[in-house]
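Novice: could you look at this predicted model? Sequence included:
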Number of protein chains: 4
Amino acid sequence: MTTKKHQSLKPRKIPSQSRAEQTVAAILEAAACILETKGLDGLNTNLVAQRAGVSIGSLYQYFPGKDALIVALSQRERAVFFAEAEGALNEPTGQRGLKHLIAASVRQQLRRPTLARLLDFEENRPSIAKELAPFITAMTELIRQLLDHEDIPPQPSIETAAGDIIAIVRAIVDAAGERGEVDRTALELRVSRALFGYLGIVGRQP
Amino acid sequence: MTTKKHQSLKPRKIPSQSRAEQTVAAILEAAACILETKGLDGLNTNLVAQRAGVSIGSLYQYFPGKDALIVALSQRERAVFFAEAEGALNEPTGQRGLKHLIAASVRQQLRRPTLARLLDFEENRPSIAKELAPFITAMTELIRQLLDHEDIPPQPSIETAAGDIIAIVRAIVDAAGERGEVDRTALELRVSRALFGYLGIVGRQP
Amino acid sequence: MTTKKHQSLKPRKIPSQSRAEQTVAAILEAAACILETKGLDGLNTNLVAQRAGVSIGSLYQYFPGKDALIVALSQRERAVFFAEAEGALNEPTGQRGLKHLIAASVRQQLRRPTLARLLDFEENRPSIAKELAPFITAMTELIRQLLDHEDIPPQPSIETAAGDIIAIVRAIVDAAGERGEVDRTALELRVSRALFGYLGIVGRQP
Amino acid sequence: MTTKKHQSLKPRKIPSQSRAEQTVAAILEAAACILETKGLDGLNTNLVAQRAGVSIGSLYQYFPGKDALIVALSQRERAVFFAEAEGALNEPTGQRGLKHLIAASVRQQLRRPTLARLLDFEENRPSIAKELAPFITAMTELIRQLLDHEDIPPQPSIETAAGDIIAIVRAIVDAAGERGEVDRTALELRVSRALFGYLGIVGRQP
DNA sequence: TATGAATGAGACTTCATTCAT
DNA sequence: CATGAATGAAGTCTCATTCAT
């Protein structure tokens, strides 16, 4: 069987000893590495275990299956990203908040471009998406609050707008990653233009 | 590994008899169907052959493997799309041209949303992308000509802009497809705003 | 099925028109070529047909199966060889006869070393061997007559001796072919020594 | 094609647990059995695994493919043979050494005639031969030392002589196996005659 | 808990052979 | 007779997952 259906994708145990935490971290990092170097097709549980210096049995001790690995990896990356993105709420205006969000996205992407792109894709698979719903909800909520500022024109559907915004940022930033761009500022500017245009914000962007 | 490394992705033979053409068409359509209903993981050569009502041997007669199937499918869809998109060059202004392009993209996406989204992703995989390079080149050239009109502000890099434009259109349109949107007009409008914003075109869009 | 069991290995029809003869010759030569360049694993009926410039259907018109191809090829080579070897019977002494036989073997092998070696092997497969029995019988008979001369010490078993002689000649000559040797004379000398030693012929060989 | 091109033929992992050693042994013995009863065409990985009482996955855990199986089998047989053959170096004279070598060859062949013959052939296939080069080298060296004794006439090329000797012994011994001979002594005598004749040793062999 | 050998469903692919045109 | 599209049995090989030690 390729993949067992309908099994939990949550980590099996919350590692309480630091030894276990290290194991989990090693496994995730191994998975990340392989994803970056060999792509999705190159990712398999046996290899991950080997690269992590752990037995395959141990891997299954911490992750109930392959998908759980990807979910955990996404969550790891998302957690970092979200911690940065949340700062957007402290910005005084909606536009400043958006810029903050964009900057966080760009930074996230440029840290590990290949990995980010691959995860972006995997997150679309229904089985994975389900587990990442909380993040989507949180992002949507965050964007909703940003759009709520009075310096942002009202949108017909906040839901739709939030989804579009996430998609647009991702698209430009992934495309840049693919091209190997490294200039953060230029990239942020391009994203801003698209986003501000989308939202109907006229006027000068810095 | 799912797929053998480094094998040709080009069709093995061009069908010379009309019976063969039918076979090829049936195979491609079956692949499209499966992609739509069971996703990428559900796509395998045996199932495709079965659904196409041909033997597995026949499939391999025309396609050297699973990836070749995806390539051929992309090319089929791209050909349809490009035929429509090319009309953009007949528009009098750059902005009208872009609208034409957007409309074509939206139409393409709304025809078979799931399929379109899946192919959009697959096309990013390096091995697939290589085979689709001609299409990318053609699209870039088309966009270059559109941006060349004087009603479009000059862009720092045409290449980058072209890539970004393709990515933005795709992103919004795919996101819409995922949500199950069907309102062509509303969708076109949102894409226009993002694109025109990106390009620095100020002023009222309809 | 890899190969149908129990089917005739004889050519299906004796080609009466010269057109058919040419076809058969082309097929055999194509098979020989492929055997030489891609080895046994590279030999398959479709490829042979293609290389012969004939449709696969036509190939089966003349040969009832893959093994029949190999049998026919062996027979073609054997016929040439045997025509030369038979001259041994005209030699005045047994030793001269043997030399004649050796010379014929060496010449045969050096013409197409790789092909000869491959066929030597294939001829051991029971299904092939059956069809080549007449040749073995003829060879055994030929050798029996040579050994019957009074300048050859009597052998305990003519049958065994004949088999051994064929095997020894083949072994040395194939080994030489493998090494890429081209010096006919040196090779003949070595074979003579082994054979004459085997037969208990003492004294000077030229 | 029967076998994937250009993959390693070396065992994938050396069994560290004794359970694994048993598995490997069972697989090799099953392969040997099948080779003896159904020939080369009858050898396939599924059947080997089944006969060995292990899963196909286990087989591939230790052997990357069918050819690796043959290589390992050859090495197993060669190791046994070489251990016996090496004793030839302890003999006082070259001729005694050769007899020792011949006796070892005959014994090896008569143990499992069919298997020996099949392996002899397979070892000629380039891909297999490569892996067995060490054995060939060792044999050549052994023969070189034997021929170095003063009771053996000097040979124009030791390399060639060594190759020929191996080939001659093999040929006669394989032919005997094919005929179902069981008389060790008679066989050894015939080989001796051929070899001594080849080397130019005159005089009475027992 | 950790280990890693074992499992086996299932995907991929070839190629000898047939048969409708 | 020739053609070449179609067939599908038979084989190869992988990898997610389990389980005895």
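Specialist: Alright, I've got the coordinates. The shown structure was predicted, so the numbers you read here are calculated from the model rather than taken from an experiment.
Novice: show me what secondary structure element comes after the host helix or strand of residue A:71.
Specialist: For residue A:71, the host element (DSSP states H and E) is helix A:66-85. Sequence order places helix A:94-111 as the next helix or strand after helix A:66-85, per DSSP H and E.
Novice: show me what that next one is packed against.
Specialist: Packed against helix A:94-111, as judged by 3 or more Cβ pairs under 8 Å, 6 or more residues apart in numbering or on different chains; DSSP states H and E, are the following elements: helix A:66-85, helix A:113-122, helix A:126-147, helix A:158-179, helix A:184-199. All C-beta atoms are positioned from the backbone trio N, CA, C, and that covers glycine.
Novice: could the ones you listed go into JSON lines alongside mean neighbour count and distance to residue D:96?
Specialist: What follows is the helices and strands packed on helix A:94-111, written out as JSON lines (neighbours: other Cβ atoms under 10 Å in any protein chain shown; distance: least, Cβ to Cβ, whole Å):
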{"stretch": "helix A:66-85", "mean neighbour count": "19", "distance to residue D:96": "65"}
{"stretch": "helix A:113-122", "mean neighbour count": "19", "distance to residue D:96": "69"}
{"stretch": "helix A:126-147", "mean neighbour count": "16", "distance to residue D:96": "74"}
{"stretch": "helix A:158-179", "mean neighbour count": "21", "distance to residue D:96": "74"}
{"stretch": "helix A:184-199", "mean neighbour count": "21", "distance to residue D:96": "83"}
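Novice: show me the domain layout of chain A.
Specialist: A:18-68, A:72-199 (automatic domain parsing).
Novice: who wins for proximity to residue C:26 among those domains?
Specialist: Evaluated over these, closeness to residue C:26 peaks at domain A:18-68, with 43.4 Å, by Cβ to Cβ.
Novice: any regions of chain A where pLDDT drops low?
Specialist: Within chain A, the ranges that satisfy pLDDT under 70 run A:1-8, A:10-17, A:203-206.
Novice: centroid-nearest residue for it?
Specialist: With distances taken as Cα atoms, centre = their mean, residue A:78 lies nearest the centre of chain A, 4.4 Å away.
Novice: residue contacts, that one?
Specialist: By Cβ atoms under 8 Å, 6 or more residues apart in numbering or on different chains, the residues touching residue A:78 are A:132, A:135.
Novice: could you measure from it over to residue C:134?
Specialist: Using Cβ to Cβ, to the nearest Å, we find residue A:78 at a distance of 78 Å from residue C:134.
Novice: over to residue A:165?
Specialist: Taking Cβ to Cβ, one finds residue A:165 at 85 Å from residue C:134.
Novice: now do residue A:139
Specialist: Note on residue A:139: its distance to residue C:134, by Cβ to Cβ, is 84 Å.
Novice: cool, residue A:66 as well?
Specialist: For residue A:66 relative to residue C:134 (Cβ to Cβ), the value is 62 Å.
Novice: count of neighbours near whatever residue of chain A ends up closest to DNA strand E?
Specialist: Nearest residue of chain A to DNA strand E (Cβ to the nearest atom of the strand) works out as residue A:57 at 2.1 Å. Residues near residue A:57, counting by other Cβ atoms under 10 Å in any protein chain shown, number 8.
Novice: can I get the domains of chain A in CSV with distance to residue B:183?
Specialist: Formatted as CSV, the domains of chain A follow (distance: least, Cβ to Cβ, whole Å):
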stretch, distance to residue B:183
domain A:18-68, 34
domain A:72-199, 11
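Novice: so for residue C:155, which of those sits nearest?
Specialist: Comparing the domains of chain A by Cβ to Cβ, domain A:18-68 comes nearest, at 62.2 Å.
Novice: pretty sure residue A:54 contacts residue A:23?
Specialist: Yes: under the criterion of Cβ atoms under 8 Å, residue A:54 makes contact with residue A:23 at 6.0 Å.
Novice: follow-up on the earlier one: indicate which one of the domains of chain A is closest to residue C:48.
Specialist: Closest among the domains of chain A, once you apply Cβ to Cβ, is domain A:18-68, at 35.4 Å.
Novice: ok, stretch A:133-147 near chain B or not?
Specialist: No: with Cβ under 8 Å from any Cβ of the partner chain as the criterion, chain B is not reached by stretch A:133-147; the gap is at least 11.7 Å.
Novice: pull the CA atoms of that stretch into CSV?
Specialist: C-alpha atoms of stretch A:133-147 as CSV (Å, rounded to 0.1, in the frame of the first residue of the first chain):
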residue,chain,number,x,y,z
ALA,A,133,-6.5,24.6,8.5
PRO,A,134,-5.7,26.4,11.8
PHE,A,135,-2.9,28.3,10.1
ILE,A,136,-5.1,29.3,7.2
THR,A,137,-7.8,30.4,9.6
ALA,A,138,-5.2,32.4,11.6
MET,A,139,-3.9,34.0,8.4
THR,A,140,-7.3,34.9,7.2
GLU,A,141,-8.1,36.4,10.5
LEU,A,142,-4.9,38.4,10.5
ILE,A,143,-5.6,39.7,7.0
ARG,A,144,-9.2,40.5,7.9
GLN,A,145,-7.9,42.7,10.7
LEU,A,146,-5.5,44.4,8.5
LEU,A,147,-8.1,45.1,5.8
